[in-house]
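> Any chance you can model this:
(one chain, ligands or ions: 1)
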Amino acid sequence: MVLLDQVVEDAKRDFEAAADSAALEDAKARYLGKSGVLTEQLKSLGALEPEARKAAGAQINQAKAAVEAALTARRQALASAALQAKLSAEAIDITLPGRGQGVGSLHPVMRTWERVEQIFRSIGFDVADGPEIENDWFNFTALNSPQNHPARSMQDTFYVEGHDEQGQALLLRTHTSPMQVRYASAHVARYAKEASMPPIKVIAPGRTYRVDSDATHSPMFNQVEGLWIADQVSFADLKGVYVDFLRTFFETDDIQVRFRPSYFPFTEPSAEIDMAFASGKLAGRWLEISGAGQVHPQVLKNMGLDPERYIGFAFGSGLERLTMLRYGVDDLRLFFENDIRFLAQFGA
Ligand code: PHE
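Just a heads-up that it's a prediction; the model follows:
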């Protein structure tokens with residue numbers, strides 16, 4: 001008679017060695033199958049005496065139970081290993097960011113643009129829009145910079161091929177000042193048959209172009225033009241409006257403003273508006289923020305206005321410059337690179 005203990009040991013070892021369930025079932029057949037070792041043992045019981053058969057039968061059944069227990073344990077181990085393998089093969093990496101749709105936000109310069117419009121509307125200014133491809137008359141001549149005037153070279157620009165219906169050369173506007181003449185002449189025409197003309201109070205924000213490119217100049221940039229014409233307005237009014245605008249825009253009264261004499265062909269006298277913050281990292285540094293001045297009599301004539309009767313003030317400020325000062329950005333080019341990491345900082 002085979003040693004039953006040895007049979008149980010062999011079965012356990014074979015079951016452990018089975019790498020998958022097919023190999024395990026093969027191993028099971030060798031012990032518990034139709035002609036397996038233990039089955040053969042049971043068959044041989046018939047040849048024994050009743051007493052011996054009883055004792056041997058009990059031993060064989062014990063061995064069989066042990067082998068079956070080992071088999072069940074190994075089956076479970078293989079099944080759970082297979083499940084683990086499947087789970088890790090199908091694992092989802094939940095640490096990856098989702099493919100959700102990002103929410104966009106306004107470009108910082110557009111935020112300034114909208115803010116400037118809102119502030120000037122609140123004090124009764126109209127908001128006007130004009131062409132970026134301008135003609136020579138509105139961009140230069142009507143603004144008192146005739147052909148060959150040296151002031152034209154201050155604003156080198158990009159010319160567009162061809163001419164408009166009036167035979168005027170076409171160019172990308174170098175400033176928003178052409179809107180002074182466009183808006184004022186339209187206003188004059190509109191009230192031509194009326195007994196009196198309401199004051200002209202307008203801002204015109206928009207894109208402008210120059211052959212200029214460094215950390216503080218871009219070939220494309222945005223300006224906002226301001227124009228105020230009536231029978232009685234003075235430099236004090238311009239100063240009051242502009243200083244009030246700066247205080248509202250920067251949300252502080254701690255701003256110093258100075259008007260420095262300057263030159264523009266279309267204003268006389270002309271000034272450069274400088275500002276300085278009283279506190280913060282830019283404290284005490286004078287920064288040029290705008291050109292301004294009293295509208296030149298020749299420009300008033302070009303608008304169809306009588307310079308003896310009307311007086312006006314204009315300013316032109318850079319929207320990028322205002323944005324840089326408001327948010328502490330030191331390189332203008334950042335506004336045009338469109339790096340999401342930069343732009344996202346202004347999302348509200
Ligand atoms: N157009 C001028 C510029 O671009 C600014 C300006 C506007 C100056 C209005 C005076 C009056 O530099």
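
> so what's the backbone phi/psi at E272?
Per-residue torsions, E272: phi -110, psi 130 (degrees, to the nearest 10).

> Run through the bridge partners of it.
For E272, the beta-bridge partners under DSSP bridges are R260, G291.

> go on, L287?
Here L287 shows beta-bridge partners M275, assigned using DSSP bridges.

> who's in contact with it?
L287 sits next to D274, M275, A276, R321, L325 when contact means C-beta atoms under 8 Å, 6 or more residues apart in numbering. (Glycine included, C-beta is placed from N, CA and C.)

> do that again at 10 Å, thanks
Counting by C-beta atoms under 10 Å, 6 or more residues apart in numbering, L287 makes contact with I273, D274, M275, A276, F277, R321, M324, L325.

> Between its first and last residues, how far does stretch 146-165 reach?
20 Å (C-alpha to C-alpha, to the nearest Å).

> ok, it near the ligand or not?
No - if you take C-beta under 6 Å from any ligand atom as the test, stretch 146-165 misses the ligand, and the best it gets is 7.0 Å.

> State the mean pLDDT of that stretch.
Mean pLDDT, computed over stretch 146-165, is 78.

> ok so, going back, show me the two of the contacts of L287 that sit farthest apart.
I273 and M324 (15.8 Å; C-beta to C-beta).

> of these two, who's got more company?
Using other C-beta atoms under 10 Å as the criterion, I273 and M324 rank with I273 on top: 24 against 21.

> Now do the helices in the chain.
For the chain, helices defined by DSSP state H occupy the ranges 4-17, 21-32, 37-43, 50-89, 108-122, 136-139, 178-190, 235-250, 297-302, 319-327, 334-337, 340-343.

> quick revisit: from the contacts of L287, which is closest to the ligand?
Among these, I273 lies closest to the ligand (C-beta to the nearest ligand atom), at 9.4 Å.

> residue contacts, the residue of the chain most remote from its centre?
Residue distances from the centre of the chain (C-alpha atoms, centre = their mean) peak at E49, which lies 94.5 Å from the mean C-alpha position. By C-beta under 10 Å, 6+ apart, the contact list for E49 reads A55, A56.

> what about whichever residue of the stretch 151-300 of the chain sits closest to the ligand, how many residues close to it?
At 2.9 Å from the ligand, G291 is the closest residue in the stretch 151-300 of the chain, using C-beta to the nearest ligand atom. Close neighbours of G291, defined as other C-beta under 10 Å, add up to 23.

> Just give the nearest non-adjacent residue to the residue in the stretch 1-150 of the chain positioned nearest to the ligand, would you?
Across the stretch 1-150 of the chain, the shortest distance to the ligand (C-beta to the nearest ligand atom) belongs to L143, at 8.0 Å. Of all residues not flanking L143 in the chain, F266 sits nearest, at 4.0 Å (C-beta to C-beta, 6 or more residues apart in numbering).

> wait, the one you found sits on N302?
Yes - with contact defined as C-beta atoms under 10 Å, F266 counts as touching N302 (9.2 Å).

> Around the ligand, pick out the residues from the chain.
Taking C-beta under 6 Å from any ligand atom as the measure of proximity, the chain contacts the ligand at H175, S177, F264, T267, G291, A292, G293, A314, F315, G316.

> burial count for the last one?
I take that to be G316. When neighbours are defined as other C-beta under 10 Å, G316 has 24 of them.

> how much space is there between it and T112?
G316 sits 15 Å away from T112, going by C-beta to C-beta, to the nearest Å.

> what's the first-to-last distance across stretch 205-218?
Using C-alpha to C-alpha, one end of stretch 205-218 lies 17 Å from the other.
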